[in-house]
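In: No letters, just coordinates:
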């Protein structure tokens, strides 16, 4: 069976579903394919932090502003797909005081709202905070419920005419005259798609998809562990105010907190080591901020793989503290109808989708502008509706399995 479509989007994470939604809202015929259920990759295996930009303020001002702007947009359009918390950057007695000052100044220069408090005030406002907190800074971080976010984007795309195929891995591509003429699907969908244009939004697997088209996308995926432990009553996201390192973020849920994370390069985003030392170090480091998590019962542990773009990682010396995104137009590589979108963060998925959709519409001659920044996601105010979307698209990930009910 052959399916013809204007645009084929490969990848069912936040970016892929965001692109499908944006295209559909602009009236473009679009098909999205995902090898598993939705949010099976990095989107559904993250720590779920809605960035304010403060984490990147001094190291990547442009990326920080993108986070700040998208944070505000998501709070407007996503409803129960995000949780309205705050973030608190804490400086412990052993942390470099100049780093705190540099970050605070950078936030002020970028317009990221901050409020500095002393250690005693922080401990009074935050029960259980470490005794050696000397200074702290409030920022507008929040929490993403990624399973809901991805499923809501897919539902809106579907409602505007998109076709969404799950458990449909791409198994091959046919090229003719410098264009992708056909894409073969396997799994539950034994079908061939003939697209006018193709978007590679496969995350850590973008390199593999690109190879099928005969082009190169150099990825350097890194693994990171997350541990959810029992802890009731934490309001804000906690960030250790020091150079980025293992175990420097604690993300609140209802009766749990998520401790994260590590950053270890992997060769294969599907097959990689899951090391006990990562769990132990992450717990120990997070306990420096919130001591009682050291003895808290572990509810679940998972690893995620970040879809990092290798040239940027190399330029920043490895762990880098940029999570900018890259839109790679493969017309320059001899494939006229292919674009890859790589890197980025869950917080900036909508902007990544807008940038990609702008390019695709330009190539297709579609004169329509983006409306996703002002159009609320379907079911945004109704958790039960959002959870039903998650079920419909087989979208549950470990990040939010305590927040999203399953039938």
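Out: It's in. Every value quoted in this text rests on a predicted model; they were computed, and no experiment measured them.

In: Pretty sure residue 349 sits against residue 14.
Out: Yes - with contacts counted by CB atoms under 8 Å, residue 349 reaches residue 14, the gap being 3.7 Å. All C-beta atoms are positioned from the backbone trio N, CA, C, and that covers glycine.

In: where do the contact lists of those two overlap?
Out: Residues touching both residue 349 and residue 14 by CB atoms under 8 Å, 6 or more residues apart in numbering: 43, 149.

In: Those two: which has the busier surroundings?
Out: Using other CB atoms under 10 Å as the criterion, residue 349 and residue 14 rank with residue 14 on top: 31 against 28.

In: Show me the shaky parts of the stretch 201-350 of the chain.
Out: Regions of the stretch 201-350 of the chain meeting the criterion pLDDT under 70 cover residues 313-323.

In: Which stretches in it count as strands?
Out: All strands of the stretch 201-350 of the chain, identified by DSSP state E, counting those that start in this stretch, fall at 222-230, 237-240, 249-252, 256-260, 264-265, 298-306, 325-329, 338-343.

In: One more: the stretch 1-150 of the chain?
Out: With DSSP E, counting those that start in this stretch as the criterion, the stretch 1-150 of the chain has strands spanning 2-10, 30-33, 49-50, 82-83, 87-92, 115-118, 133-139, 142-144.

In: Residue 93 - how many residues pack around it?
Out: With other CB under 10 Å as criterion, residue 93 counts 12.

In: So for it, what's the nearest residue that isn't a sequence neighbour?
Out: Leaving aside its sequence neighbours, residue 93 sits nearest to residue 132 (CB to CB, 6 or more residues apart in numbering; 4.2 Å).

In: I'd like to know how far the residue nearest to residue 68 when sequence neighbours are not counted sits from residue 223.
Out: Spatial nearest neighbour of residue 68, chain neighbours left out: residue 53 (3.9 Å); criterion: CB to CB, 6+ apart. Note on residue 53: its distance to residue 223, by CB to CB, to the nearest Å, is 25 Å.

In: Between the two, which is the more surrounded one?
Out: residue 53 (28 against 22).

In: The stretch 1-150 of the chain: helices as residue ranges?
Out: For the stretch 1-150 of the chain, helices defined by DSSP state H, counting those that start in this stretch occupy the ranges 14-25, 61-77, 97-110, 119-125, 146-159.

In: Can you tell me which of these is most buried?
Out: helix 14-25 (a mean of 30; mean count of other CB atoms under 10 Å).

In: Point out the other helices and strands that it packs with.
Out: Packing partners of helix 14-25 (3 or more CB pairs under 8 Å, 6 or more residues apart in numbering; DSSP states H and E): strand 2-10, strand 30-33, helix 146-159, helix 349-364.

In: Moving C-terminal from the third one, which element do we reach first?
Out: Read in the C-terminal direction, the helix or strand following helix 146-159 is strand 163-165, with elements assigned using DSSP states H and E.

In: Just the mean pLDDT for that following strand, thanks.
Out: The average pLDDT within strand 163-165 is 98.

In: name the helices or strands packed onto it?
Out: Strand 163-165 packs on strand 30-33, helix 146-159, going by 3+ CB pairs under 8 Å, 6+ apart.
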